[in-house]
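Participant: Quick one: sequence plus predicted model below, questions after.
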Amino acid sequence: MRVANFKLRRMSHCKSSVPVKSRYIMPPKRKGDECSELNARERKKLKVADARTIAVQSVTLGSSSGNGNQAANATPGPSRTAINFDSMKGLPATLDVERFTEARAYEINAMENAIKSAKDSSTHRAWQTLPRHLRRRAASHNVRRVPLRLREKARAEMDPVKRKAHSGARPKRGKAKQMTRTESLLKRQRDKTWLETHIWHAKRTKMENMWGYRLSVTPTEKAFRPSHRASVHGSILHDASYYATIELKGPQSVLLATLETCCDPQGSGLKQCISGSRTCDTHMYEHDRWPLGLIGPVTIIWQPLALDSTASEAQTEPKRGSKRKGKGRMTVTSDDAALDPSSQARVVWVRAHPAVFEDVFEALKTSASHALHAHKSNNQTVPCQVEMNDLRGSVNAFEIMGPKSSQVIKGTLSLAADDEREDFKKFWKLLSDLQTPGNVPRRMVIGFKVVDPRLKFPPKNPKPSYPDMPTSSASPANNLVFPTSLTAQSDIWDEDQRDRLKKPKYKKKDLDERRSKLVIPGTKLRALRQDDRIPVMLVQRSLEACPPSSPSSSTLDKAQGIHGWTLLFPAGWSMAFLSSLVYTGTRVAGQRERMKQYYEAGIAAFPVDYPTSRACEVASEERAAMEREKWERTPPAKRANWEKLGTRSPWRADWDVVLGLEPVLSGADTAEGLVPSQREDPAATDGVQAVKTSLRPWLLRGSKVFSTLSNLSLTPQEFLNQINKLRERHRLMPLGRDVDAVQLWRTALAMVRVKMVGRGVPNDLASIYKMNDIEARKWLAAMRQSASARTKDDETPDERELGDIQPAQEDIIGYVTTGDTSLSRGEGFGLGAISVDQYLTLRRQAQRLSQPAVVVKVRNRDATVSRVAYVELLDA
């Protein structure tokens, strides 16, 4: 084409009687095409070319420009305008703008028309010009799904609506039998509960029934990596209103005794959070059964003490007669009990996962009964009681994670009035300048009141202003806000205020009507006296493997923690807060994204990473049934053969077999779910015999796990003695004689991190194998040789030969509960559980081999190759 155009320009200057264009017209491809009309492609091409042509004013007769009969458009070619290098010479002294504009009116109109015609003739339709997150499926036939500025263009692109003729054969239902929209939505919630943001999530995410709720699993758009980037560099929101809240009211001493008998006694968080300035993240157990009977993780929040509280007000009995949903309220009373004169009536919230709500409620009720009975035996003058309320449906929660979550909260929420608390003023001023919520004290509680966030819509995030380093380092103490009970004061604890704010006073259409009456469009609405003031509570939330102040910091896992905030507010305001928070650019996370936050931070997520717990067993059974049905539907040639792969338990982790409580079965019997017809001789099972015990596998969790297992020569009796010391510290009776030290030792599991040494990615339910000293030395030598001699991503012969060796089923010491390729680490990483007995044995082996951690082999359930990995305690 370049050669042809060049010849065309050269020939255009030749003096020939033959037209130039006739020499370059291509011959017709078919007969009869000489007089045919243009096809659609040619017509579209001419239309686009015409739309992109800027009209030029024709030259009038007698003009000094030359011939007056030339074409209206400019002729291509070199410019003949003389260039004056003296830019100031020849310019007028003054310029009349009006006359100059009138003289150039044709050119200005031509440019505007050309821009408009070129825009209208674009090859993209109206909805295609939108970013992907604003596109809707119905935008091709519904103009209301397109922004207002593009609706005229979209309406012109749509086909005319063809209305269907309604036949009068079927009469409509009578008005008395018609179901309203509210009734139809409530009818769909018979077997599950919707969150207040359900409809918003149902349009944008995939939903599933989980734990009695209809919850969001993952966004429909591609959001795996963007969600991780948002949690590390931006902000991401998760609606955690499905978490259950249990309220306990009673004397402080009785409430503290109640929590001590059913919570983890390894830490001092229970007493540190009594003031209400911090929350306490701990584990809940069955009454007086620690370390056995693990239920799940809970968060404990104490109501801050009022500054003007008196002894008479502290002894006032709680209110009665209010209505509750679910279990309602339950009062455990001791008629002859007496209050300690120094004790005060307190309120405490226990937030738990919905999968274990029934177990947590029952454990608290049992512990409260025993605490009141013990209080009755010591004091018999004044009666006391502990009141338990179910606050499900009364308190909602949003989890906002990421370094920009502070700016999002500051830009979305507006304070209701001038707060007189100096510490809170300092905190609110510094909130927009926080580089990350991890800079504030852990689990800090802040309480305040905000106006309706819809009044300030659309919100605008404040830009952080970071001071100079010399100025900020001169007085670091001035930039810190420490948690106090005064800054934690909030009216969200008041039941009357929560009931009054159950429904917003004004609907969105009422606020839009007020906004339409503003003199200046776009101005934010001012909060009036009759507008709602919403009490909220802000709690600092950190997902990190090990706190910075912990002495037992991790040596292998260097992943950074994920920090953010938990926003608690009364029920009825989820959509009002969600619309403003999402408008700031915050992404929305489902269950998958929330689990990935735990995984990337290197901590266990409930319930999948809590083996031996009842909630994990239920989740494992559901997952095993689903995967087994899918495996059975797959043709035999396209599915994994567990017998040939040597996979003992492909559907779920067999902890009883790992700990030696049940005999080892073959892979075929386990995979197919068959029972062998002939009983095996226990003495002929390769030296592996089942241990007869009444104890079931249990999980050892807590902050003292690292120090408890630090002694490599720990015996079962010493292990039992350390547990009894921790029980006595919290006024718990030692474990009874029915608990044998050896049985307790053999049935214990510990959570670990699995870090691959070289190649390989551990998946869920991957088996963890132990190795003897000879095999471990071979693996370490192969890995050193591979790291020194490898120039590309290839395996050495030694590493490949060692990986192809199929390990024995008796060498399995644990399983990976969550495994994948970590985006923050850039390599394979997993969380799992192994036997405590085998862990200490491998610790002694690692000491002999001079290794920093335990060396194990990991093999996925559908793989034939094993990989070497390091293992360390999760609670270290």
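Facilitator: Yep, that arrived. Residues are numbered from 1 along each chain as shown.
Participant: I'd guess Glu42 is in a strand, am I close?
Facilitator: No - read with DSSP: H, G, I helix; E, B strand; the rest coil, Glu42 is helix and lies in no strand.
Participant: And Gln497, how close does it get to Asp491?
Facilitator: 5 Å (CB to CB, to the nearest Å). Every residue, glycine included, has its C-beta placed from N, CA and C.
Participant: which residues does Asp419 contact?
Facilitator: 425, 428, 448 (CB atoms under 8 Å, 6 or more residues apart in numbering).
Participant: before we move on, what about Val618?
Facilitator: Contacts for Val618 were tallied using CB under 8 Å, 6+ apart; they are 355, 607.
Participant: For Gly832, see how far away the closest residue to Gln806 other than its chain neighbours is.
Facilitator: Distances taken as CB to CB, 6 or more residues apart in numbering put Gly646 closest to Gln806, at 5.3 Å, once the chain neighbours are dropped. According to CB to CB, Gly646 and Gly832 sit 19 Å apart.
Participant: And these two? Which one has more around it.
Facilitator: A direct count of neighbours by other CB atoms under 10 Å for Gly646 and Gly832 places Gly832 higher, at 32 against 18.
Participant: returning to what we had before: show me the common contact partners of Gln497 and Asp491, please.
Facilitator: Common contact partners of Gln497 and Asp491 (CB under 8 Å, 6+ apart): Pro535.
Participant: secondary structure element for Ser216?
Facilitator: Per DSSP states H and E: Ser216 is located in strand 213-219.
Participant: do the same with Gln597
Facilitator: Secondary structure assignment for Gln597, by DSSP H and E: helix 591-601.
Participant: Tell me which residues are up against that helix.
Facilitator: 210, 215-219, 223-224, 227-228, 231, 236, 238, 399, 401, 543-545, 559, 561-562, 589, 604-605, 608-609, 818, 820, 822-824, 829, 831.
Participant: In helices, which of those residues appear?
Facilitator: Among these, DSSP state H puts 224, 227-228, 231 in helices.
Participant: Residues touching stretch 527-535, excluding its own?
Facilitator: Under the contact criterion CB under 8 Å, 6+ apart, stretch 527-535 has outside partners 414, 416-417, 447-452, 455, 490-492, 494, 497, 501, 504-506, 569-570, 573.
Participant: Are any of those buried, and if so which?
Facilitator: Buried subset of these (neighbour count, 16 or more other CB atoms under 10 Å): 416, 447-452, 455, 490-492, 497, 501, 504, 506, 569-570, 573.
Participant: Next step: those restricted to strands.
Facilitator: Members of the buried ones among the contacts of stretch 527-535 lying in strands (criterion: DSSP state E): 447-451, 569-570.
Participant: Out of these, which is nearest to Tyr769?
Facilitator: Nearest to Tyr769 among those: Phe569, at 49.2 Å, using CB to CB.
Participant: Next, the distance between the ends of stretch 135-148.
Facilitator: With CA to CA, to the nearest Å as the measure, stretch 135-148 spans 14 Å from end to end.
Participant: Which positions within it qualify as buried?
Facilitator: Using 16+ other CB under 10 Å as the test for burial, stretch 135-148 gives 139-140, 143, 145-146.
Participant: Point out where the stretch 301-450 of the chain drops to low pLDDT.
Facilitator: Counting by pLDDT under 70, the stretch 301-450 of the chain has low-confidence residues at 307-343, 380.
Participant: If we use 80, what do you get?
Facilitator: Across the stretch 301-450 of the chain, the ranges flagged by pLDDT under 80 are 306-343, 379-383, 418-419.
Participant: all helices for it, in order.
Facilitator: Here the stretch 301-450 of the chain has its helices, by DSSP state H, counting those that start in this stretch, at 311-314, 357-378, 405-412, 422-430.
Participant: Mind putting those into JSON lines with mean neighbour count and distance to Tyr243?
Facilitator: Output for those, formatted as JSON lines (neighbours: other CB atoms under 10 Å; distance: least, CB to CB, whole Å):
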{"stretch": "helix 311-314", "mean neighbour count": "12", "distance to Tyr243": "29"}
{"stretch": "helix 357-378", "mean neighbour count": "19", "distance to Tyr243": "9"}
{"stretch": "helix 405-412", "mean neighbour count": "24", "distance to Tyr243": "18"}
{"stretch": "helix 422-430", "mean neighbour count": "16", "distance to Tyr243": "25"}
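Participant: Does Leu518 belong to a helix, a strand or coil?
Facilitator: Under the three-state scheme (three-state DSSP), Leu518 adopts coil.
Participant: Contact partners for it?
Facilitator: When contacts are counted by CB under 8 Å, 6+ apart, Leu518 touches Leu525.
Participant: per-residue confidence for it?
Facilitator: On pLDDT, Leu518 comes in at 87.
Participant: Likewise for the one 3 residues further on?
Facilitator: With respect to pLDDT, Pro521 has a value of 84.
Participant: quick thing: my sequence starts at 50, can you match it?
Facilitator: Noted, 50 is the first residue going forward, which turns the last one into Pro570.
Participant: Neighbours of it, how many?
Facilitator: Residues contacting Pro570 under the criterion other CB under 10 Å number 7.
Participant: hang on, it in a helix?
Facilitator: No - if the criterion is three-state DSSP, then Pro570 is coil and not within a helix.
Participant: now it: how far from Asp580?
Facilitator: Counting by CB to CB - Pro570 and Asp580 are separated by 21 Å.
Participant: check contacts around the closest residue to Arg204 other than its chain neighbours.
Facilitator: Of all residues not flanking Arg204 in the chain, Val192 sits nearest, at 5.2 Å (CB to CB, 6+ apart). By CB under 8 Å, 6+ apart, Val192 lies in contact with 200, 203-204, 207.
Participant: Show the pLDDT at Val192.
Facilitator: The confidence metric pLDDT takes the value 87 at Val192.
Participant: swap in the one 3 residues further on?
Facilitator: With respect to pLDDT, Val195 has a value of 89.
Participant: just checking, it touches Ala175?
Facilitator: Yes - at 5.7 Å, Val195 counts as touching Ala175 under the criterion of CB atoms under 8 Å.
Participant: residues shared between the contacts of those two?
Facilitator: Shared contacts of Val195 and Ala175 (CB under 8 Å, 6+ apart): 188, 203.
Participant: And Lys557, how far from Gln106?
Facilitator: Applying CB to CB, the value for Lys557 to Gln106 is 53 Å.
Participant: Equivalent analysis for Gly342, please.
Facilitator: Applying CB to CB, the value for Gly342 to Gln106 is 91 Å.
Participant: For those two, work out which one has more neighbours and name it.
Facilitator: Neighbour count, other CB under 10 Å: between Gly342 and Gln106, Gly342 has more, with 17 against 11.
Participant: does Val801 sit in a helix or strand, and which one?
Facilitator: Counting by DSSP H and E, Val801 is part of strand 797-805.
Participant: now that strand, how far from the centre of its chain.
Facilitator: Relative to its chain's centre, strand 797-805 lies at 23 Å (CA atoms, centre = their mean, to the nearest Å).
Participant: again, but for stretch 694-703
Facilitator: Centroid separation between stretch 694-703 and its chain, computed with CA atoms, centre = their mean, is 30 Å.
Participant: cool, and stretch 621-638?
Facilitator: In terms of CA atoms, centre = their mean, the centre of stretch 621-638 is found 14 Å from the chain centre.
Participant: Nearest to the spatial middle of the chain, which residue is it?
Facilitator: Residue closest to the average C-alpha location in the chain (CA atoms, centre = their mean): Arg643, at 2.9 Å.
Participant: which regions of the stretch 600-749 of the chain sit below the pLDDT cut-off?
Facilitator: Residue ranges of the stretch 600-749 of the chain with pLDDT under 80: 600-608, 712-744.
Participant: thinking again about what came up before, format the contacts of Asp468 as CSV; extra columns: distance to Thr150.
Facilitator: CSV is the format used below for the contacts of Asp468 (distance: CB to CB, whole Å):
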residue, distance to Thr150
Lys474, 55
Trp477, 52
Phe497, 56
